[in-house]
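[1] Just need the structure, nothing else, for what follows:
(chains A and B)
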There are 2 protein chains.
Amino acid sequence: MTEIDIEQNVDEAQSAALELAKLSDEERTEALHEIADAIEARTDEVLEANEKDVTEGERLLEDGEYTQALVDRLKLSESKIESITEMVRSVADQEDPLGKTLSARELDENLELYKVAVPIGVIGTVFESRPDALVQIAALGLKSGNAVILKGGSEALHSNRILFEIIEDAAADAGVPDGWAQHIEAREDVDALLEMGESIDLLMPRGSSEFVGYIQDNTSIPVLGHTEGICHVYVDDEADLSMAEDIAYDAKVQYPAVCNAVETLLVHESVADEFLPAIADRYNSADVEMRGDEATREIVDVEAATETDWDTEYGDLIVSIRIVDSLETAVDHITTHGSKHTDSIVTENADRASTFMRSLDSASVFHNASTRFADGYRFGLGAEVGISTGKIHARGPVGLEGLTTYKYHLEGDGQLVATYAGEDAKPYTHEEFDEEWNPGRLSDE
Amino acid sequence: MTEIDIEQNVDEAQSAALELAKLSDEERTEALHEIADAIEARTDEVLEANEKDVTEGERLLEDGEYTQALVDRLKLSESKIESITEMVRSVADQEDPLGKTLSARELDENLELYKVAVPIGVIGTVFESRPDALVQIAALGLKSGNAVILKGGSEALHSNRILFEIIEDAAADAGVPDGWAQHIEAREDVDALLEMGESIDLLMPRGSSEFVGYIQDNTSIPVLGHTEGICHVYVDDEADLSMAEDIAYDAKVQYPAVCNAVETLLVHESVADEFLPAIADRYNSADVEMRGDEATREIVDVEAATETDWDTEYGDLIVSIRIVDSLETAVDHITTHGSKHTDSIVTENADRASTFMRSLDSASVFHNASTRFADGYRFGLGAEVGISTGKIHARGPVGLEGLTTYKYHLEGDGQLVATYAGEDAKPYTHEEFDEEWNPGRLSDE
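    Model prediction:
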């Protein structure tokens, strides 16, 4: 595809976005249900296309170019397709993120300002080889009224093509404006997308930290994405140690591959003698490799941690342990080595919890809970769009709300700024009130 | 200053930001009042320094390098300094944008999630020659708990230096952590700032559209800024024409130099014969230059508009006029030529207003009101941080809230994710409730 083609794709998406924004929640919901039905009805076609990707993947596995894990992620089955359609229906049935009046303020009599939730516009996404990613992103985009540019991994090309075709057809049948979703296939086109700040409003890359970092560094388009998760649990000297043990265990062992798993335990020196042997037993029973600082290794028999350990996201059954002499040292360690993702303090002392939570600049700061709770579903945000490690617009776990922005709607009956300026300026009333935007409101009164 | 110096400045700001975030509203408010007092007390020093800038400015004016307007903007007086200190006190007394619990949700019994407003961190600002800009940005930063990097115009260097010194001294006396504000002097350092995505969280450039555009195109740091304002008033066939006349007049004449002034009038063909002569009289009386399309010029005697007129922000007593055959054509014109800033429809028909407001992707869409209302003060947002033409994070007029982000605080009593996963998974309750975050809440119960 040439750069001109890509620009045409994105232009089409931009025009479609304006039409899409006008669909009602019922229309968007209905379209998503039709997409789910269509995927279900055309399961055989999807499996057939997927078979081509898997065969090619296995060939590259033999050549040592692919890993088994990659081929496994690629592979669809009837039951996987079932869970994909279930996911689409669940996104369909989420509460509508659009149209809500976020705030309403009377500026003066019959001059009413409404802040209304609207779609962002055009969202560019570049994602990993898992074929369900294309479906999920398209579904989240449609539910939130955004046009989407979809660029999947080349490993899943055949699967993505047929899934895209099914989605496009079903959405068109349901009255969704043509062009709302665009499928981009070539790796080179990603760099063209990064330059299109005039027409793409937000980028959502998914993949390795390096990949997301590359996107962030090479575009002036806002990026909603997730780089690193170096999460900490700090066991305070006033911790309930049995609670600390459970939390440290859960945060590492329950699912070590994810970004909200703990990587470093910080233990107050006055409880280390009691706490470390106990947690070491638990970790040993789960085959967790421990790497400790010198002080830790005087208490328990573990590997030595090096400076790089403090900066490493293992994503695996490995944990680093450091003994600290104070809450302040723990905070300093996290500020220096953390990734501003999720950090938890275990303590019975509310003041110390407050200091910890206020001192850290992390998206999620927890008190007496496992870091693993940092997740859109657990937070009750509904469909999870992703986790953001940025601070602007959306931070931490992001729900559909993260794919919206707002517009100011002002309803007047002929007001002029001149009336409110100069010597005899009329004052503004500026009073908040509780009412949904309705353009007929003033004339009905 | 070398690049290393700049990095040191920004590092200092980053460390200070963490301390600054812990100050109470009382401490920040008090510091701002002390800054205002100090500026007042040291008025003579400020005027003396400003005199140097003005003298240099007048020299460059003679050489034809500066404009009179620039020299005027540069010049301070006792009364201007008074209005600067008044502004600082008014920012001081704004409602605290920090610490508010934005939402609270029970995930399960004694597992409570709070979304809490916090500062963004480090804000980089590059601004015009007006010396009050430095004071205003420092004040907004301090009130919202953000560290600020201040780069002013070289024309105001002496004024900025003394104002910065006064602010720094007064803030330090009031207990604000050292390093929270950094003054950068060299033009070359701006490019170094643009590369510091690791340590600068947000950029706020102020200046010409070209300048803000340059910043946006040359950084991956999020930018809160304002480029163009090409605003429209559409006079519908169901408009109250006398109201339309007043709005079109106010939107152009009340203050033509600002971004929310109207640049193009779109008039429905069925009312053009009646409306155009009337508004032309009003505009003529205020020396507004009109440029119309062919159909307009058949009705009133005005200059011819060219294609470039539709894309031009005049910022002056000039207006372009086009006759359209429908609401849809008006919407298309605005979508093609507008800048997504502020657009207003004049109509007595609520459905047509609704269509207009829903169809446009503009930050502010108005019904029967002058475009000139698009402003933070008029919207009741308190201190105005600026107007954003971006869609992400903050859109349209931005108050102090735009300088905040949020953190998730989770309060538990030892909850583990394992309890809520697998076969016997405990369900989440996910119920919103109305309570401020207080880390002692669970233990107090």
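[2] who touches A:R206 in this structure?
    Each residue near A:R206 by C-beta atoms under 8 Å, 6 or more residues apart in numbering or on different chains is listed here: A:125-128, A:133, A:212, A:225-226, A:386. The C-beta positions use only the backbone N, C-alpha and C, and glycine is treated the same way.
[3] can you confirm A:E128 is in a strand?
    No. Secondary structure of A:E128, determined by DSSP: H, G, I helix; E, B strand; the rest coil: coil, with no strand assignment.
[4] now it, nearest residue through space, not along the chain?
    A:G207 (4.9 Å; C-beta to C-beta, 6 or more residues apart in numbering or on different chains).
[5] Can you pull the domain assignment for chain A?
    Residue ranges of the domains in chain A are recorded as A:3-217, A:231-377, according to automatic domain parsing.
[6] Deepest in the core, which of the ones you listed is it.
    Ranked by mean neighbour count under mean count of other C-beta atoms under 10 Å in any protein chain shown, those are led by domain A:231-377, which reaches a mean of 21.
[7] what's the span of that one, first residue to last?
    Separation of the first and last residues of domain A:231-377 by C-alpha to C-alpha, to the nearest Å is 19 Å.
[8] pLDDT-wise, what's the bottom of the contacts of A:R206?
    On pLDDT alone, A:E128 ranks lowest of those, at 78.
[9] A:G390 in helix, strand or coil?
    coil.
[10] And for it, the neighbour number?
    Neighbours of A:G390 under the rule other C-beta atoms under 10 Å in any protein chain shown: 23.
[11] quick one, phi/psi of it?
    Backbone torsions of A:G390, given as degrees, to the nearest 10, read phi -90, psi 170.
[12] OK, contacts around it?
    A:G390 is in contact with A:223-225, B:222, counting by C-beta under 8 Å, 6+ apart.
[13] B:S220 versus that one, what's the distance?
    Per C-beta to C-beta, to the nearest Å, A:G390 is found 11 Å from B:S220.
[14] any residues in contact with both of the two?
    Common neighbours of A:G390 and B:S220 (criterion: C-beta under 8 Å, 6+ apart): A:V223.
[15] Please write out the alpha-carbon positions of the longest helix along chain A in CSV.
    Counting residues, the longest helix found in chain A (DSSP state H) is helix A:43-62. The C-alpha trace of helix A:43-62 is given here as CSV (Å, rounded to 0.1, in the frame of the first residue of the first chain):
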residue,chain,number,x,y,z
THR,A,43,-16.9,-19.8,12.2
ASP,A,44,-15.8,-22.3,9.6
GLU,A,45,-14.4,-19.5,7.3
VAL,A,46,-12.5,-18.0,10.3
LEU,A,47,-11.0,-21.4,11.2
GLU,A,48,-10.0,-22.1,7.6
ALA,A,49,-8.2,-18.8,7.3
ASN,A,50,-6.6,-19.2,10.7
GLU,A,51,-5.3,-22.6,9.6
LYS,A,52,-3.2,-20.9,7.0
ASP,A,53,-1.7,-18.6,9.6
VAL,A,54,-1.0,-21.5,11.9
THR,A,55,0.6,-23.6,9.2
GLU,A,56,2.9,-20.7,8.2
GLY,A,57,3.6,-20.1,11.9
GLU,A,58,4.6,-23.7,12.4
ARG,A,59,6.9,-23.6,9.4
LEU,A,60,8.6,-20.6,10.9
LEU,A,61,8.7,-22.3,14.3
GLU,A,62,10.6,-25.1,12.7
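[16] which residues sit against it?
    A:39, A:66-68, A:70-71, A:74-78, A:81, A:131, A:155-159, A:161-163, A:166.
[17] if we can go back for a sec, the contacts of A:R206 into CSV, with extra columns for distance to B:A278?
    Converted to CSV, the contacts of A:R206 look like this (distance: C-beta to C-beta, whole Å):
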residue, distance to B:A278
A:T125, 51
A:V126, 54
A:F127, 57
A:E128, 62
A:A133, 58
A:V212, 57
A:G225, 54
A:H226, 58
A:G386, 54
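[18] In the stretch 201-350 of chain A, which residue sits closest to chain B?
    Per C-beta to the nearest C-beta, A:A350 is where the stretch 201-350 of chain A lies closest to chain B, at 3.4 Å.
[19] and the residue nearest to that residue when sequence neighbours are not counted, how many neighbours does it have?
    Closest residue to A:A350 apart from its sequence neighbours, by C-beta to C-beta, 6+ apart: B:G440 at 3.4 Å. Burial of B:G440 is recorded as 14 neighbouring residues (other C-beta under 10 Å).
[20] which residues does B:G440 contact?
    Contacts for B:G440 were tallied using C-beta under 8 Å, 6+ apart; they are A:350-351, A:354.
[21] re the thing from before, does the residue nearest to A:E128 really touch A:V126, like I thought?
    Yes. Judged on C-beta atoms under 8 Å, A:G207 makes contact with A:V126 at a distance of 7.4 Å.
[22] Surely the residue of the stretch 201-350 of chain A closest to chain B is in contact with B:D413?
    No. Assessed by C-beta under 8 Å, A:A350 is found out of contact with B:D413, at 11.9 Å.
[23] can you redo the contacts of B:G440 as JSON lines with pLDDT?
    Below are the contacts of B:G440 laid out as JSON lines (pLDDT from 0 to 100):
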{"residue": "A:A350", "pLDDT": "95"}
{"residue": "A:D351", "pLDDT": "95"}
{"residue": "A:S354", "pLDDT": "95"}
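[24] quick one: which of these sit in helices?
    Per DSSP H, these map to helices at A:350-351, A:354.
[25] how about low-confidence regions in chain A?
    Applying pLDDT under 70 to chain A flags residues A:1-3, A:444-445.
[26] By residue count, what's the longest strand in it?
    Longest strand of chain A, by residue count under DSSP state E: strand A:404-415.
[27] strands paired with it, and their directions?
    When pairing is defined by DSSP bridges, strand A:404-415 lines up against strand A:111-119 (antiparallel), strand B:364-369 (parallel).
[28] Quick one: closest of these to B:L32.
    In terms of C-beta to C-beta, the element of the strands paired with strand A:404-415 nearest to B:L32 is strand A:111-119, at 27.4 Å.
[29] distance between that closest one and the chain's centre?
    Once both centres are worked out by C-alpha atoms, centre = their mean, to the nearest Å, strand A:111-119 turns out to sit 25 Å from its chain's centre.
[30] what's the answer for stretch A:236-252, then?
    Distance of stretch A:236-252 from the chain centroid (C-alpha atoms, centre = their mean) equals 27 Å.
[31] Also stretch A:282-298?
    Relative to its chain's centre, stretch A:282-298 lies at 32 Å (C-alpha atoms, centre = their mean).
[32] interface residues of the stretch 51-200 of chain A facing chain B?
    For the stretch 51-200 of chain A, the contact set with chain B under C-beta under 8 Å from any C-beta of the partner chain comprises A:105, A:107, A:111, A:113, A:118, A:120-121, A:197.
[33] Just the closest of those residues to B:A16, please.
    B:A16 lies nearest to A:G197 out of those, by C-beta to C-beta, at 31.8 Å.
[34] Now do the contacts for that closest one.
    Going by C-beta under 8 Å, 6+ apart, A:G197 touches A:219-221, B:216-217.
[35] follow-up on the earlier one: columns distance to A:I318 on top of the strands paired with strand A:404-415, output as TSV?
    Output for these, formatted as TSV (distance: least, C-beta to C-beta, whole Å):
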stretch	distance to A:I318
strand A:111-119	42
strand B:364-369	52
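[36] Quick one: closest of the ones you listed to A:A181.
    Within those, the stretch nearest A:A181 is strand A:111-119; the backing value is 13.6 Å (C-beta to C-beta).
[37] all strands of the stretch 151-300 of chain A, in order?
    A:181-184, A:202-205, A:231-235, A:262-268, A:289-292 (DSSP state E, counting those that start in this stretch).
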